[in-house]
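Q: Here is a sequence together with a model predicted from it:
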Amino acid sequence: MSSTVRLVLSSSPDKTGPTVTVDVDLAHGGRLAQITVGDVPLLADVPNSPNRDVGNIGWGSYPMAPWAGRVRGGTFRWFDADHHLRLNQDDSGVGATGRQHAMHGTVLDAAWTVDEQTESTVTISCPLDQPGSGWAFGGVAHQRIEVLDHQLRCDLSVTVTPHGDHAPPFPAEIGWHPWWRKPDSLSFHPDAMYERDGVGLPTGRLVAPSAPPWDDCFVNTAPVTLHYDRPEVTHVTLSSDCDHWVVYDYPLHAICIEPQSGPPDAFNVRPQIVTTTHPLRRTMTVGW
């Protein structure tokens, strides 16, 4: 059985409009491997290597759960207990002290399961407590991906699963990490930006947004539009009910514009809390 689900939608009833295809890679984090409108791919190219596990962080559009961005040193305290997450990011490249973190959650490289599927919609899920992740709270990530006329909608949530006779609450943040093809210009007007400390993580203090280049977290509630100098699909507009957006525009071939429910290292600042009656839910839409 293929690990890729392809969603297809024609933009007009008579099939004369551009066909939209969305490839969802179940084996590699339930990510969008590619969004193609007509003949135009929107995401940066998928790695040529048959082993997509190599460089799993750097392609597609993957859901981040139960945290988004880095958790400082992979450690946080919850209800008077210290928790230690798997370290999967070395910002120094040489093992320098204080530069190893747990990044982008537990499900970005995990296999997801199809719960329901039609020609243009798929609902998938994945347990949060992946082997070796260090995540001790259980819970499940759910994602619904739907191709609509001139739009793609992604709904992401995390829910509690019972542990024995009770279901304890846990901290969480969620979001998406898309690698868009590099635009010619960007319409982005954030309200504020998080100050970063010496290792690049938010201090919790908000400052005025700076000029690019960026590898920063912003407070933003407005749509973000990528503009392209090409004959078709001249713009891509991202909208979300997330009020935190990370923008990483250093690469020459791509830009990451990541709607999130909270900032990086939120577990050590002020995370969202997931309970049996209050799952964490967010939506991202991509329009063209």
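A: Happy to help now that I have it.

Q: which residues of this protein score low on pLDDT?
A: Scanning the chain for pLDDT under 70 picks out the ranges 1-2, 11-17, 49-55, 162-165.

Q: List the residues that contact residue 177.
A: 57, 61, 62, 63, 64, 68, 104, 108, 256, 258 (CB atoms under 8 Å, 6 or more residues apart in numbering). No exception for glycine: its C-beta is placed from N, CA and C like everyone else's.

Q: Can you select the buried ones among the residues you listed for me in PyMOL?
A: Only the buried entries of the contacts of residue 177 go into this PyMOL selection, using 16 or more other CB atoms under 10 Å:
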select buried, resi 61+62+63+64+68+104+108+256+258
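
Q: Would you reformat the contacts of residue 177 as a markdown table and include secondary structure and distance to residue 3?
A: Converted to a markdown table, the contacts of residue 177 look like this (DSSP: H, G, I helix; E, B strand; the rest coil; distance: CB to CB, whole Å):
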| residue | secondary structure | distance to residue 3 |
| --- | --- | --- |
| 57 | helix | 19 |
| 61 | strand | 16 |
| 62 | strand | 14 |
| 63 | strand | 16 |
| 64 | strand | 20 |
| 68 | coil | 24 |
| 104 | coil | 20 |
| 108 | coil | 15 |
| 256 | strand | 24 |
| 258 | strand | 24 |
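
Q: For residue 150, state which of the contacts of residue 177 is nearest.
A: Nearest to residue 150 among the contacts of residue 177 is residue 61, at 17.8 Å by CB to CB.

Q: If we ignore the residues flanking it in sequence, what's nearest that closest one?
A: Once flanking residues are discounted, residue 61 sits nearest to residue 178: 3.5 Å by CB to CB, 6 or more residues apart in numbering.
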